[in-house]
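Visitor: Give me the fold of what follows.
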Amino acid sequence: MFSNAKYYFNRELSWLKFNQRVLLESIDTNTPLLERLRFIAIASSNLDEFFMIRVAGLRHQVVNGIVKYDAAHMDAKAQLKAIDESVQRLVSMQSMYLNNVLTELEAHGFFFTHPDTLDVKTKAWLRHYFEEHIYPVVTPLAVDSGHPFPFLTNHTINAIVRIFQIQEDGTKDYKIAILPIPSVLDRIIEVPSRGNKEHRFVYLEDVITYYANQFFQGYGIEDYMVFRITRDADLEIDEEEATDLLSEVEASLRRRRRGDAVRLEVCGEIKDHLLDFVLTSVELEQKDVYRIDGHLDCRMYFDFCNYPGYDKLRYEPFDPKIPSELVDYEGDSLFSIIGKQDLFVHHPFESFAVVEQFIAQAAIDPDVLAIKQTLYRVSGDSPIIASLIKAADNGKQVTVLMEVKARFDEENNIHMARRLEKAGCHVIYGLKGLKTHSKITMVVRRETDGIRRYVHLATGNYNGKTARMYTDCGIFTCNDEYGDDASRFFNLISGYSDPPIWNKFIVAPLNLREKIMELIDREIEFAKNGEEAYI
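Guide: Below you'll find the model as predicted:
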């Protein structure tokens, strides 16, 4: 089917190469040590999402007997096999790099240890901490004929424990139980140190398993194993049959919480009989197991990387600057500034506050008649949402396309959309068959010479938190051609309108691909004619 398949990479394997590149940042000695640890956490988080979405999607194809080949001429079975081989190598690299970073941290006074190695005084402190803060939260779960294997939610860490009771005839009566490791507690616990320059830490799951006998009075503990399940989190939305997209997304979110298991991670000493028991219970096979040399879920290091007082082990803090065009006009109306010249902003080097200020000023400006905006990902405490609500309270026409299919932000977006609706904003929940990734705001303002449209176009989400990390750019303009395109764009997504003839906009899936092909062909012609040609 693909005579030129050798020229293509499989997209999933290509993504794993990208994540390997992220992981390699953790061995770059030019990078501050705690930032190297942060890269390990990032790679771990990325891999979680990869399994929840991409691996889950391929498994669906296999289960449903769907055979289709990608450009590299690989079907789902071949991709899953290649993914497993690649991830096994990646996981091994991650464990080795993590061990190296943790070892280097010891030179700075950070020691990760096990409860069994602590001195008597520290053990007494830890025992008290366990009884006061951990024991009341943990709920042991029996597994027997009267207690079926519990449903363990996505990414939670659990310990399966084999316990026994001595019978009258001296034999052992074995039982199985699950000890959930509570996600509401800190995974990394700092224990009292022997000096100001030393910091010692233990892991929550190690503390729980170390004192596991406290949960099973009258029983002995034969062995245990710590594991973590990753579940299918890909939303199944039947948009063709859905009469209410919001309700369909909410129903899919409920189904997501009970998605099928797609990966099992285990660590420490692997007990084959316990592993087989878990695999059978969650309907996975040996090929779905990833053995981790260390502790599970490196995302726990995100918070640890912010340990106070060690700025020398982190990147120097960066404060975004005010765009140079605004330096002498701080406090002035952005509309008067944009009215004189277009404004280009480059994040995170220039402050995202100018974008938030643009919406905030529009919300209280008596001459502003309407605000129209697309939102894909916003923070939970978004000042932009607050400004839009204030604008509606002030009687302005506010229209917001809130994309409820934004992966892993669906619940937050639904909550935000309902807040906006309650305030009187007109909310669109997305378009059937498409995701709206456009980042655009249009403010319609009455001025002395008539109606003027102010437009903000950007590559990044309207999210002040991620705008401090991700590299994006945006423009503010009141150019009539952009304003006309913006009006046509919002009419297209909010009502029934045929695709317009655009002045400046290039909009997928209407004309973006065609425009890119046209530009590529132009460069080819330049090259053929011996002229400079670039892509």
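Visitor: Could you pull out the strands in the stretch 101-250 of the chain for me?
Guide: 110-112, 141-143, 157-166, 172-181, 188-191, 199-203, 220-231 (DSSP state E, counting those that start in this stretch).
Visitor: In CSV: those, plus mean neighbour count.
Guide: For the C-beta atoms, the positions are set from N, CA and C on the backbone; glycine is no exception. Converted to CSV, the strands of the stretch 101-250 of the chain look like this (neighbours: other Cβ atoms under 10 Å):
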stretch, mean neighbour count
strand 110-112, 18
strand 141-143, 16
strand 157-166, 20
strand 172-181, 17
strand 188-191, 16
strand 199-203, 20
strand 220-231, 20
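Visitor: Figure out which of those strands is closest to Met74.
Guide: strand 220-231 (22.2 Å; Cβ to Cβ).
Visitor: Report the outermost residue of the protein with respect to its centre.
Guide: No residue in the chain sits farther from the centre than Asp169, which is 54.9 Å out by Cα atoms, centre = their mean.
Visitor: Need the phi and psi values for that residue.
Guide: phi -90, psi 10 (degrees, to the nearest 10).
Visitor: hang on, the earlier thing: so which of the strands of the stretch 101-250 of the chain gets nearest Lys515?
Guide: Of all these, strand 220-231 sits nearest to Lys515, with 39.2 Å by Cβ to Cβ.
Visitor: any idea how far the closest one is from the chain center?
Guide: Per Cα atoms, centre = their mean, to the nearest Å, the displacement of strand 220-231 from the mean C-alpha position of its chain is 26 Å.
Visitor: name the helices or strands packed onto it?
Guide: strand 157-166, strand 172-181, helix 204-210, strand 261-267, helix 272-282 (3 or more Cβ pairs under 8 Å, 6 or more residues apart in numbering; DSSP states H and E).
Visitor: a markdown table for those, including distance to Arg299 and mean pLDDT?
Guide: Listed next are the helices and strands packed on strand 220-231 as a markdown table, based on distance: least, Cβ to Cβ, whole Å; pLDDT from 0 to 100:
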| stretch | distance to Arg299 | mean pLDDT |
| --- | --- | --- |
| strand 157-166 | 11 | 93 |
| strand 172-181 | 13 | 93 |
| helix 204-210 | 13 | 97 |
| strand 261-267 | 12 | 95 |
| helix 272-282 | 21 | 94 |
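Visitor: got these as JSON lines, with distance to Glu12 columns?
Guide: JSON lines is the format used below for the helices and strands packed on strand 220-231 (distance: least, Cβ to Cβ, whole Å):
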{"stretch": "strand 157-166", "distance to Glu12": "26"}
{"stretch": "strand 172-181", "distance to Glu12": "30"}
{"stretch": "helix 204-210", "distance to Glu12": "31"}
{"stretch": "strand 261-267", "distance to Glu12": "13"}
{"stretch": "helix 272-282", "distance to Glu12": "23"}
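Visitor: Nearest to Asn10, out of the ones you listed?
Guide: Among the helices and strands packed on strand 220-231, strand 261-267 comes nearest to Asn10, with 18.3 Å by Cβ to Cβ.
Visitor: What strands line up against the closest one, and which way round?
Guide: According to DSSP bridges, strand 261-267 has the following sheet partners: strand 220-231 (antiparallel), strand 289-292 (parallel).
Visitor: who touches the last one?
Guide: For strand 289-292, the external contacting residues (Cβ atoms under 8 Å, 6 or more residues apart in numbering) are 87-88, 91, 95, 263-267, 270, 275, 279.
Visitor: Just the buried ones from those residues, in PyMOL syntax?
Guide: Entered in PyMOL, the line below selects the buried ones among these, by 16 or more other Cβ atoms under 10 Å:
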select buried, resi 87+91+95+263+264+265+266+267+275+279
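Visitor: picking up where we left off before, for the helices and strands packed on strand 220-231, which one sits closest to Ser14?
Guide: Proximity to Ser14 (Cβ to Cβ) singles out strand 261-267 among the helices and strands packed on strand 220-231, at 19.9 Å.
Visitor: List the contacts of the closest one.
Guide: Against strand 261-267 from outside (Cβ under 8 Å, 6+ apart): 51-52, 55-56, 59, 225-232, 275, 278-279, 282-284, 288-297.
Visitor: No more questions from me, cheers.
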